[in-house]
Structures are given as C-alpha cells and as structure tokens.
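sequence first, then the predicted structure, then my questions.
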Amino acid sequence: MKHTRTAAESGRPRGGARRGSRRRLGGALLALPIAGALLLTGCGAGDGSNSTDGPDKSGGRNNLPLPAPAQPTGGAAGRDAEGEQSDAPDVEPSPDYLSTFALDVDTASYGYARRTLADGRAPDPSTIRPEEFVNSFRQDYERPDGNGFSLSVDGARTNDGRWSLVRVGLATRPGESERERPPAALTFVIDISGSMAEPGRLDLARESLDVMTDRLRDDDSVALVTFSDEAETVLPMTRLGDHRARVHRAIDSLEPTDSTNLGAGVRTGYATAVDGLREGATNRVVLISDALANTGDTDADDILERISSARREHGITLFGVGVGSDYGDALMERLADKGDGHTTYVSDRDDALTVFCDQLPRNIDLTARDAKAQVAFDPETVERFRLIGYDDRKVADDDFRDDRVDGGEVGPGHTVTALYAVRTRPGASGHLATATVRWLDPDSRAPHEESGGLETGDLRDGVWSSPYSFQVTAVAAYFADDLRAGDARWSTLPGVPSLGELASRARSLADVTEDKDVAALATAIGQADRLDICSDDCVR
C-alpha cells in the first residue's frame, strides 16, 4: 500500500512542555495499542452531496471546485494575511492545500487504550491513533441506497482564534439481513502460544467462536488453523449445515502450547483459505492473537509478501482481533493494513461476543474497494489545516484517481469520520473546502465518486454548541490528542480543554444521548485525568 506524508498535514514538535500545568502521566509508558470495536452499526452522509461515476473525473461537480485546486500564491508560513506573526498553535502550514488518505475503519487503538487505563497504566503516546478513537462512536450520517458512500461536511469554531474543527463524514448502506447477505467462508487463525493461556485470551476466543458457530447460517463455511511454534490446519473449510458439532469439537480442543510463530500461522491460514475458496462467498481470514511474535517471521511485510497472491488474486481480506493485556498493536495493525482488512481489540466477554457474534456475521459483505478520500481546501479562505490522525494512511495527492494504488476496504453499515483542524484567513468569506471520496465497486470494480462542500458561513456554531454527534467526535479527538501529547511528532490541537473538562462534557453527552459507548468514553477520560494529576507515590 502506497502512502505519502506531506507537509500539509505534519506538525512541528510541540516541545517538552506539557499543556497547561498538568503533569505527564506517571511511570514508564508502555508501548500499548488502543483498541475498539469494529463498529459496524452504520449511518450515512449528508446534505448537498453530488455523485459522479466513471474513470474520467476531470469535470466540475455542480459548481464545486475540483479536488486539486491551484497552488496558493500568497500568505507566508506562520503569518496572517497581513504579514503579522500568527499566534496559532504549532501546526505546519499546508502549501498544497490538498489532503489525501485511504479510508480506515479500525478501532483497535481506542479499545486497548481503555483497557490500559482501566488497568491503571498510561498508553505509550506513539501508539495513539486518533482516527480510531473518533471512529469508535455511532454517527447519524444519512445512508446511501446502494454500494459506496454518502458524504457530508460540517464544522464548528473552537475558542482558539480563527481555528475550527471540520468533519468529513462518510457512510455505507445498512447491512443486508442474515438471509440476504452472501455466504461466508471464514478461516480462523488462532494463536495458541503460551501467552494465550492468560485469562481473557484463548478462553474468550473459544467461547466466542462457539456462540458464533451457532449463529452463522447453514450455508456458511468455517476453517480453523492454530499456531504456536508451528502452524496446523485443525479443521479444513467445512460447510456448517449438519457439521456444527464437528466445528464445536475443533474449537473445544484448542489449548495453549509453546512460542508464537505468527508468520507460519498467517501463511497456513491463507493457504487453507485458498484451498477452501468459495466463489460467490465472502472469503476472509480472521486472525486472533496477542500479536507478540517471537519465532519465525516477525515482520508484517515479510509475512504478507508470502501470501500476496491470495490477497490479490482471490480477494481474501484479513480481520485482526487483538487480545491480552500485552498486545503487539503495531504488528497487528500493519498486517491488517497490508491485508486489505481491519483490526479490533477485545478485552472481555461482552467485547468478544459483540465482535464475533454480532458484527462479523452481519458484515460479511463488502460495499467498497480501495476507497480513498481527498479534501481540497480553498487557499482564498484557508490559511492552514491539519488532518487529525490517519498518519499511516496517507496517499500521494496524485494517486487519488490511480486505482492501482490501494485504498481501504469498507463493508455495509460502516461510518468513517475524518476530522481537520482548520485556520481561516482574517475576514474569510466564501467557499472553504470540497471533500471527495472515490471507490471501486466491489463486484465490477468500476470507479465512483461522491463530493460535498463547506462554506465559511457554515462555521457559525462553537464546538460545544454544535450537534451532539459533533461534540462526541471532538471529545474523542481531544482525548486522543492528550494521550499522545508526549510524542514530539504532533502539535497541540486548537482549543484543547483539560481532561477534567473533557470528562465532564463526555458525561453530559452520555446522559443526553443515553449512549453507553459515550459513558465508557467519559470513564476512560476520568481514569486518564486521575493518572495525570497523581504523583508517582500517591495511592491510586
């Protein structure tokens, strides 16, 4: 997958000082990923969007500017239009006024952060992926009727100068009913290394797979591959029908053994999936592991290069499910990115049952391949901007319409949110930005696009008087920003509240929305706040 970071979205180091007077989180920081659920409950997008099909996208879109506007000619970096030194947060200017990235519906980062904070530890800032925080919450975007996306763009002003938060919202159609979806051919690749003996790892996987087996349809198929120091196909691709008892016996036989040869497990899993390939079905490899590889291939690129033909020729996607208090987040995320798939993290029985028994069976279909988004900011009204997150999903601007360049694979019922920090020029009025999403039809691979625009006049509300869903998005982004404050690659977002204020806002939003996921967010922020103000020797 080809990704290119541009100066448009990178920030200068924020330096060693912590925001305000708050202390850094006490104790050694562990390299822990954050994880969430693959929230496949869906919504769609919005008002005033336009659609264009076909490979030639050079024409106008109902007076919306093209995704590639002209290079700006005025405005010095770091200065206002009048030439005065800017008092804005330390965010690099954006010389090309374009932002291009592959869509991502991973949520593992947020879920694992919650698990880590609940254990009284702070996530390593380098593992925080803000887009996975933002995409862990339901959105009320309007949904499209067919494959692909609906799109909406909105925004609200922060309390920091001329800075605003701009949200690009995408949604796919609702999932088909169980009877209408295509059949599934699922190859489960299960880590049975010694580390999986810890409660909340292999035991969760066994229980969840047992329940899932009973919920899948008779025309679905399941295969089981295990790996420790070696890999073994425990159950070849088996049509459920009258064979559920055989599948249950194979699941119940799983026991932890030795070291973790993740590379062998993935290779054998894909070989098993190819052997049991079903035409007209959704063929997917589901990797369940703590991703703490210590034997054989331990590099994601090396592992997946060996099975690249299975991905490219047969369209077999990878779904990574992380488990355990210690978890190889970076390796699992890289595997999913290179495997055209997604990652999530499960920390308890409720998480596991939701992922395996509700989300996975409901979302076997695929509605968009190689999906990318490009946002074109108008240099007449925008002084600078920064995409919040998607750091590993950047795509070169010129590759937006190159359909040979990988994007993201997205299924039904998903929402995808991208949030930008945008600083407008003094007295700016008129067009602010145009967002375009491009994808390939999952069956015909024909390209399609959808666009939507935003005007400066749409930025009337403040963040905390905007719609509830926008406020939840802002809280999640600010929370992620706080947790990765120790990573010098990133600058502070504009208008950032204290953790105490964020926790209070999240609690209020949880009450008014009656959303248990927002309540869990409030709890996590409160736990981070208590860690943040507690000295190393205080009692927690």
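Noted; the coordinates are in hand.

which pLDDT value goes with residue 233?
Residue 233 carries a pLDDT value of 97.

also the one 3 residues further on?
With respect to pLDDT, residue 236 has a value of 97.

so where's the stretch 351-500 of the chain uncertain?
Residues of the stretch 351-500 of the chain meeting the criterion pLDDT under 70: 362-363.

can you give me the helices in it?
Along the stretch 351-500 of the chain, counting by DSSP state H, counting those that start in this stretch, helices occupy 360-362, 468-483, 499-513.

and among the ones you listed, the most buried is which?
Neighbour counts (mean count of other C-beta atoms under 10 Å) averaged over each of the helices of the stretch 351-500 of the chain peak at helix 468-483, with a mean of 24. (C-beta placed from N, C-alpha, C; glycine too.)

can you lay out the helices of the stretch 351-500 of the chain as JSON lines showing distance to residue 110?
Converted to JSON lines, the helices of the stretch 351-500 of the chain look like this (distance: least, C-beta to C-beta, whole Å):
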{"stretch": "helix 360-362", "distance to residue 110": "19"}
{"stretch": "helix 468-483", "distance to residue 110": "8"}
{"stretch": "helix 499-513", "distance to residue 110": "13"}
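
buried ones in whichever helix or strand residue 110 is part of?
Using DSSP states H and E, residue 110 falls within helix 108-118. Using 16 or more other C-beta atoms under 10 Å as the test for burial, helix 108-118 gives 108-117.

tell me the helices and strands packed up against it.
In terms of contacts (3 or more C-beta pairs under 8 Å, 6 or more residues apart in numbering; DSSP states H and E), helix 108-118 is packed against helix 130-134, strand 317-322, helix 329-338, strand 342-345, helix 468-483, helix 516-533.

still on that earlier bit, how about the buried residues of helix 108-118 in TSV, adding pLDDT and distance to residue 140?
Shown next, in TSV, are the buried residues of helix 108-118 (pLDDT from 0 to 100; distance: C-beta to C-beta, whole Å):
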residue	pLDDT	distance to residue 140
108	91	24
109	93	23
110	95	19
111	91	22
112	91	26
113	94	24
114	94	23
115	92	28
116	93	30
117	96	27
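
ok, of those residues, which one's closest to residue 275?
If you rank these by distance to residue 275 using C-beta to C-beta, residue 108 comes first, at 28.7 Å.

the closest one contacts residue 330, correct?
No: with contact defined as C-beta atoms under 8 Å, residue 108 does not count as touching residue 330 (11.0 Å).

still on that earlier bit, ok, of the helices and strands packed on helix 108-118, where does mean pLDDT dip lowest?
Mean pLDDT is lowest for helix 329-338 out of the helices and strands packed on helix 108-118, coming in at a mean of 82.

that one packs against which elements?
So helix 329-338, by 3+ C-beta pairs under 8 Å, 6+ apart, packs with helix 108-118, strand 282-289, helix 300-305, strand 317-322, strand 342-345.

kindly recompute the last result at 10 Å.
helix 108-118, helix 262-275, strand 282-289, helix 300-305, strand 317-322, strand 342-345 (3 or more C-beta pairs under 10 Å, 6 or more residues apart in numbering; DSSP states H and E).

that helix versus strand 282-289: what angle between them?
170 degrees (axes from the mean of the first three to the mean of the last three C-alpha atoms, to 10 degrees).

so which residue is smack in the middle of the protein?
residue 106 (3.1 Å; C-alpha atoms, centre = their mean).

list the contacts of it.
By C-beta atoms under 10 Å, 6 or more residues apart in numbering, the contact set of residue 106 is 35-36, 38, 129, 131-132, 135-136, 320, 332-333, 336-337, 341-345, 392-393, 408.

equivalent analysis for residue 200, please.
Taking C-beta under 10 Å, 6+ apart as the test, what residue 200 contacts is 115, 290, 323-325, 346-349, 351-352.

for it, give its distance to residue 322.
11 Å (C-beta to C-beta, to the nearest Å).

quick check: neighbours shared by those two?
Both residue 200 and residue 322 are contacted by 115, 290, 346-347, under the criterion C-beta under 10 Å, 6+ apart.

tally of neighbours for residue 161?
16 (other C-beta atoms under 10 Å).

helix or strand: which one has the closest residue to residue 154 other than its chain neighbours?
Spatial nearest neighbour of residue 154, excluding adjacent residues (C-beta to C-beta, 6 or more residues apart in numbering): residue 167 at 5.4 Å. If you go by DSSP H and E, residue 167 is part of strand 163-171.

whatever helix or strand comes next after that strand pairs with which strands, and in what direction?
As assigned by DSSP H and E, the chain's next helix or strand after strand 163-171 is strand 184-191. The sheet places strand 184-191 alongside strand 221-227 (parallel), strand 282-289 (parallel), with pairing taken from DSSP bridges.
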